[in-house]
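Chemist: After the sequence you'll find the predicted model.
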Amino acid sequence: MSCFTKASGIAAWGVACAISASVATAATTASMNPTADAFVAASNPGNNYGAAGALSAAAAGLASGEFQSVMRFDTSIAKTTFDTQYGAGNWTVQSVNLRLTAAAPNNAIYNASAAGTFAASWMQNDTWVEGTGTPMAPTTTGITFNTLPSFLGPNDAPLGSFAFAGGTSGSANYSLGLPVNFVNDLLAGNLVSMRLLAADSSVSYLFNSRNFGTASSRPELSITVVPEPTCISLCAMGLLLGRRRVRGPGQPQR
């Protein structure tokens, strides 16, 4: 007889499912560095700085003017990891964190580091070009302050505002918001672009870029996912069935 026609078989299946569910409910995290990043500067609006060792988000009223930065992440490897763990379409995004490491302003182009609030936003347009410019040797080969607005659109979504305590060293983690379009990009394993900019009149946040020499101090996006509840619900049903006795001849179901 099939094991599913015996109470002991149902119970065993329920226990096995419970164990499987316990394993499946564990969260999984995948982390990645940007595949492209750049800062743009209002004081030099036609220059590209895509190969710089640092990025910046700084307020417009500071001595060296406004800075914004863009980063692009390829989340396809993360999707493959999650699909392998849970099955394609069987996971959902629980949280996303961005880690940045503060840097010292070692070039006169930058503002001095200053505490304040910066903001992050998801960008729908991923077609901007990183470029090859540096503070010492700027170019016009990629995104600039003048061209940045052409990559912004009405569907861009805020990811949150965050406090920067000031300083020129040390890493900090920022828990990003989860607007629908941002999450859909992650679920699909798409390229994901984000913009960092000042959110008050005092902040000057300088942080290492993907070109920084120490890999552990580069920007890092961490995506944490959990399985969809469908499988867990089925396993719970297995446990419930396992608790019931199968009716024998002439016996009522209990």
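Modeler: Now that the structure is in, tell me what you want to look at. Numbering: from 1, shown residues only.

Chemist: drop to CA atoms for contacts and neighbour counts, all remaining ones
Modeler: Noted.

Chemist: quick one, strands of the chain?
Modeler: Secondary structure of the chain (DSSP state E): strands at 28-32, 36-41, 54-58, 67-74, 91-101, 116-123, 157-164, 171-175, 191-198, 204-208, 220-227.

Chemist: Any idea which of those gets closest to N47?
Modeler: Evaluated with C-alpha to C-alpha, these place strand 36-41 nearest to N47, the distance being 7.5 Å.

Chemist: And the strands of the chain: which comes nearest I143?
Modeler: Using C-alpha to C-alpha, these put strand 36-41 closest to I143, at 7.4 Å.

Chemist: Determine the set of other helices and strands touching that closest one.
Modeler: Judged by 3 or more C-alpha pairs under 8 Å, 6 or more residues apart in numbering; DSSP states H and E, strand 36-41 is in contact with strand 54-58, strand 67-74.

Chemist: and F82, which of those strands is closest to it?
Modeler: Comparing those by C-alpha to C-alpha, strand 67-74 comes nearest, at 14.4 Å.

Chemist: What are the contacting residues of the closest one?
Modeler: For strand 67-74, the external contacting residues (C-alpha atoms under 8 Å, 6 or more residues apart in numbering) are 32-42, 55-60, 126, 189-198, 221.

Chemist: tell me how far the ends of stretch 59-70 are from each other?
Modeler: The first and last residues of stretch 59-70 sit 16 Å apart, counting by C-alpha to C-alpha, to the nearest Å.

Chemist: for that stretch, which positions count as buried?
Modeler: For stretch 59-70, a neighbour-count test (16 or more other C-alpha atoms under 10 Å) marks 59-60, 62, 64-70 as buried.

Chemist: just checking, G153 touches W122?
Modeler: No - judged on C-alpha atoms under 8 Å, G153 makes no contact with W122 at a distance of 10.3 Å.

Chemist: Settle it for me: which of those two has more neighbours?
Modeler: W122 (28 against 11; other C-alpha atoms under 10 Å).

Chemist: Tell me what the nearest residue in space to that one that is not next to it in sequence is bridged to.
Modeler: The spatially closest residue to W122, leaving aside those adjacent along the chain, is M194, at 4.5 Å (C-alpha to C-alpha, 6 or more residues apart in numbering). Judged by DSSP bridges, the bridge partners of M194 are M71, W122.
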